[in-house]
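*Asks:* Fold the following.
(2 chains)
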Amino acid sequence: MNLADLGVLYGVAGVLSGAVVYRSRSRRDARAVAAALLSAPLWPLWLPVLFASQRAERDAQHSAATETEAALLEGHEAVRNTPLEPLLPRAAVDRLLGELRRATERYAELSHLLSKKGFDRAAAEERLARLEQRAASPRTLASARLHLENVARLQSLAARDRRALEELSELIAALRTQLVFARYSGSSPGEAGDIVTEVWARVEMLGTSSDGPLFELDSTLRAEEYALGQARPDSG
Amino acid sequence: MNSQVLSVFDELLRSPRAIAERSRAGGDLRPLFVASLAALVLGAGVFGATLATSRGGLQLLYSGVKLPLAMVATMLLVVPAFHAIAAGLGRPLSFSGMIGLTLAAAGRGALVLVALSPLTWLCFDRGLTYHPGVLLAVACYGLAGVAALDLVLKGVGFDARGFAIVSLFAGVLFVTGGQTAWMLRPFLGRPSAATVPFFRHRESSFWDAVQQSSLSSFGVYQLTKVEAEGEAIRSSAPGPRLENADESR
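*Replies:* Model (predicted):
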């Protein structure tokens, strides 16, 4: 095997790597193309970095949830068997943990859903523009618009859930330190009580957004929008 | 990611320790990879083109493309060896961390080459002849290599074991990088050549060239068999002779 043969083999491996990287991306956007293009000539260096980074991202998401749970349990441990225990009793902790897990799972599901090809907002926008350009029928356009709006709604739901989880995570971390401080300093639990109230309020909000019948809502909206599309003057 | 890449670019020059820490920690090394690769390609490209100012013309483009190519090809070859050396001597880093560290070091070295480009250009512009020019380029590579190895040393640990790892790695890097660059020459260009080739024909090796260049810089010229035959033909022909007219690095 000479240098040219080796070069050909390297090139074939590069092309295959590029294809695998492109197909493995949840979103087929410019970044996916860039990652694939980088893989083709530099696969021995780029692929290990790419895969390790993706794994680190997944681990970070998982550990964020478990960190919040750990903070909650530590907060409870800090007040267990003390006069402060009514602030964060075990039953409350269990309920909070349940709500947290439910919200985290819901967010993970939404994120997974949005990473699928059919839920790509850019693709939906592009499709709508293409349909408008080739003067598709009003019914087709209405459906495409509805699809785009649904994707946008799902994205905003996911963003809201992420924000709420982040805020709750920070609040629980503050609650833990406040309870530990109150226990060791013997100070008034007033501030910790305020934080507990705030945590419950946030959890209730999480519950509200979780309880929403997302797909029922979508189907209702779809019907309404579709009807609107039919009723539009330009619908013929 | 763009802002992350820019901040890594800054860190490559100002905080090599932070880069080394980042590589050791692992995690998302994509910004480090992209920034280092960009620094490597741009830096080596600029220095390659600067070296070619002694020849000018198409050689500027060729050297600007080939020097980054030589450095990237060297990285592809040496990273697994570096990983094996570090693991064998008891300092295992993750493979992706090792790639990040090595590439960052190469990027830093390339940025040092950019810093040395104006001086190199000035020297060639003031009439630096061919062999001293080659030695100047070697000195620049040496300086860049020191800056790069300093970063690697910070990554593997600043102690006796770290020194041993870096010394072995430097040996592998020197031989591999030298031979890779040798296969992709010319970078400076043959002074007497009418046309500029992208690659020269394969002849001798990097080590032969090091010996020959060292002797030539002291005025001792050794001819290969092919060159000796050419010399015999030319000595019978009339016309002026140019110093080192047949050599190129």
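*Asks:* Look through chain A and state the residue closest to chain B.
*Replies:* Using CB to the nearest CB, the closest approach of chain A to chain B is made by A:Ala52 at 3.7 Å. Heads up, the C-betas are built off the backbone N, CA and C, glycines and all.
*Asks:* mind listing what that residue touches?
*Replies:* Applying CB atoms under 8 Å, 6 or more residues apart in numbering or on different chains, we find A:Ala52 in contact with B:Gly26, B:Gly27, B:Leu29, B:Ser94, B:Phe95, B:Ser96.
*Asks:* Return the helix or strand in chain B with minimum mean pLDDT.
*Replies:* helix B:225-235 (a mean of 56; mean pLDDT, DSSP states H and E).
*Asks:* now swap in chain A and tell me
*Replies:* In chain A, no helix or strand scores lower on mean pLDDT, DSSP H and E than helix A:214-231, which sits at a mean of 46.
*Asks:* Chain A: helices as residue ranges?
*Replies:* Here chain A has its helices, by DSSP state H, at A:3-24, A:30-79, A:90-114, A:121-133, A:138-185, A:190-211, A:214-231.
*Asks:* brain fart, chain B
*Replies:* Counting by DSSP H, chain B has helices at residues B:2-14, B:16-25, B:30-51, B:58-88, B:95-125, B:130-156, B:160-183, B:206-217, B:225-235.
*Asks:* need those in a markdown table with mean neighbour count and distance to A:Ile195, can you?
*Replies:* What follows is the helices of chain B, written out as a markdown table (neighbours: other CB atoms under 10 Å in any protein chain shown; distance: least, CB to CB, whole Å):
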| stretch | mean neighbour count | distance to A:Ile195 |
| --- | --- | --- |
| helix B:2-14 | 15 | 34 |
| helix B:16-25 | 19 | 32 |
| helix B:30-51 | 24 | 36 |
| helix B:58-88 | 20 | 47 |
| helix B:95-125 | 23 | 39 |
| helix B:130-156 | 19 | 42 |
| helix B:160-183 | 17 | 47 |
| helix B:206-217 | 15 | 68 |
| helix B:225-235 | 11 | 84 |
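*Asks:* So which bits of chain B are right by chain A?
*Replies:* Residues of chain B lying near chain A by CB under 8 Å from any CB of the partner chain: B:26-30, B:33-34, B:37, B:72, B:75-76, B:79-80, B:94-96, B:99-100, B:103.
*Asks:* go again using 10 Å as the cut-off
*Replies:* Applying CB under 10 Å from any CB of the partner chain, one finds that chain B approaches chain A through B:1, B:25-34, B:37, B:69, B:72, B:75-77, B:79-80, B:83, B:94-100, B:102-103, B:183, B:202.
*Asks:* returning to that earlier point: using TSV, lay out the helices of chain B together with distance to A:Glu191.
*Replies:* Listed next are the helices of chain B as TSV, based on distance: least, CB to CB, whole Å:
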stretch	distance to A:Glu191
helix B:2-14	37
helix B:16-25	35
helix B:30-51	40
helix B:58-88	50
helix B:95-125	43
helix B:130-156	44
helix B:160-183	49
helix B:206-217	71
helix B:225-235	87
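*Asks:* which one of those has the lowest average pLDDT?
*Replies:* Mean pLDDT is lowest for helix B:225-235 out of the helices of chain B, coming in at a mean of 56.
*Asks:* First-to-last residue distance for stretch A:182-192?
*Replies:* 8 Å (CA to CA, to the nearest Å).
*Asks:* can you check stretch B:9-24 too?
*Replies:* Stretch B:9-24 has an end-to-end distance of 18 Å (criterion: CA to CA).
*Asks:* cool, and stretch B:88-99?
*Replies:* End-to-end distance for stretch B:88-99, by CA to CA: 17 Å.
*Asks:* excluding its backbone neighbours, what's nearest residue 67?
*Replies:* Since you didn't name a chain, this refers to chain A. A:Ser169 (7.2 Å; CB to CB, 6 or more residues apart in numbering or on different chains).
*Asks:* actually it's chain B I care about, not the one you picked
*Replies:* For B:Leu67, the closest residue by CB to CB, 6+ apart turns out to be B:Gly48, at 3.1 Å.
*Asks:* Show me which residues of chain A sit near chain B.
*Replies:* A:3, A:10, A:31, A:34-35, A:38, A:41-57, A:59-60.
*Asks:* Of the residues you listed, just the buried ones, PyMOL syntax please.
*Replies:* Only the buried entries of those go into this PyMOL selection, using 16 or more other CB atoms under 10 Å in any protein chain shown:
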select buried, chain A and resi 35+38+41+42+43+44+45+46+47+48+49+50+52+53+56
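*Asks:* Isn't the residue nearest to B:Leu67 up against B:Leu40?
*Replies:* No. Counting by CB atoms under 10 Å, B:Gly48 sits too far from B:Leu40 to count as a contact (11.6 Å).
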